[in-house]
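Participant: return a 3D structure for these sequence lines:
(one chain, ligands or ions: 1)
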Amino acid sequence: MSVVYGPVPSWRLGRSLGVDPVSSKGKTCSFDCIYCQLGRTKHPLTERRNFIRVEQLIEELKRAEGLPLDYITFPGVAEPTLAANLGPLVRAVRERSPHPIAILTNSSLMVRENVRRDLALFDLVAAKVDAPNEALFQVINRPFVPYSLEEIVEGIRRFRERFTGRLALQMMFVEANKDHASEMAQLARELKPDEVQLNTPLRPSPVRPLSPSEMEVIEEAFEGLTVLNVYKAERPEVVPLEESETRRRRPKESKSNT
Ligand code: SF4
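Facilitator: Below you'll find the predicted structure:
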């Protein structure tokens, strides 16, 4: 199983080469979000461990040498901060590639100091916040971690205080939270991100995506913040190294929604 895949045309990161630091057969995550494009969480996990070897990543990165890229990104079929060797993995990429490195995290482990330390090694950290209160957090993200939303938000706040790179908040809007845009925007203002990514599930998902006009209304609540709306973002043309490894982690967007 490959750990390097893509490049994929990312609406938030341009031409993005994926690194999957967990690389498991089924989804390994500390959440079980109601909208997840990867289906239900097969392997619930809240403790970090090593999944791939640094040597394997170094070997696979050779295939991507010379590719035109905007970012090398750590997402995958899992929550990437569950990889205990995240630090050595990102350092290995840094030593071999001139491209900026990003990570998409569900934020669940940002409560922990060692996770924040690893995340600080990235150029861009996109941290998920989908709910403005504990009740919605439980409904939307269905967490396995023993932390409250308040503790997770405090983890992001502490990270923001020291992080010198680019912090994005990724916010997924669905039916359950679409009427809470003002509270979400207020939370975003308190966390002082460089950018807020407003998303709705455009890939196959158990819940319906919001329409462009619904997302427009949500965007208005974020006035004064730098916002990227999934319906308005451009996607570059890219050719993946290996189609099957890429599709496994990233199902196609539905044409009716794009
Ligand atoms: S955090 Fe990401 S991978 Fe995990 S369940 Fe939620 S959407 Fe899926």
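Participant: got the residues of the chain near the ligand?
Facilitator: Applying Cβ under 6 Å from any ligand atom, one finds that the chain approaches the ligand through K27, C29, F31, D32, C33, C36, L38, T41, E79, N106. Glycine gets a C-beta too; all of them are placed from N, C-alpha and C.
Participant: hmm, 8 Å instead?
Facilitator: 27, 29-33, 35-38, 41, 77-79, 104, 106, 108, 128, 141-142, 172 (Cβ under 8 Å from any ligand atom).
Participant: for L191, what are its contacts?
Facilitator: V129, V153, I156, R157, R160, L167, L169 (Cβ atoms under 8 Å, 6 or more residues apart in numbering).
Participant: which helix or strand contains L136?
Facilitator: Using DSSP states H and E, L136 maps to helix 134-141.
Participant: quick check: next helix or strand after that helix?
Facilitator: helix 149-162.
Participant: quick revisit: the helix holding L136: which residues count as buried?
Facilitator: By 16 or more other Cβ atoms under 10 Å, the buried positions in helix 134-141 come out as L136, F137, I140, N141.
Participant: starting at the chain centroid, how far to stretch 215-234?
Facilitator: 18 Å (Cα atoms, centre = their mean, to the nearest Å).
Participant: returning to that earlier point: closest one of the buried residues of helix 134-141 to N85?
Facilitator: Using Cβ to Cβ, N141 comes nearest to N85 of these, at 25.4 Å.
Participant: from S97, how far off is that closest one?
Facilitator: 32 Å (Cβ to Cβ, to the nearest Å).
Participant: in the sheet, who's paired with the residue in the stretch 151-258 of the chain that the ligand sits nearest to?
Facilitator: In the stretch 151-258 of the chain, the residue that lies nearest the ligand is M172 (7.5 Å; Cβ to the nearest ligand atom). Beta-bridge partners for M172, by DSSP bridges, are N199.
Participant: ok, it - how many residues close by?
Facilitator: Using other Cβ atoms under 10 Å, the number of residues around M172 comes to 26.
Participant: cool, and the one 10 residues further on?
Facilitator: Taking other Cβ under 10 Å as the criterion, the count of residues near S182 is 13.
Participant: P75 - nearest residue in space that isn't next to it in sequence?
Facilitator: In space, and not counting its chain neighbours, P75 is closest to L104: 4.5 Å by Cβ to Cβ, 6 or more residues apart in numbering.
Participant: paired strands for the helix or strand containing T73, with orientation please.
Facilitator: Here T73 is covered by strand 71-74, with elements defined by DSSP H and E. If you go by DSSP bridges, strand 71-74 pairs up with strand 14-19 (parallel), strand 101-105 (parallel).
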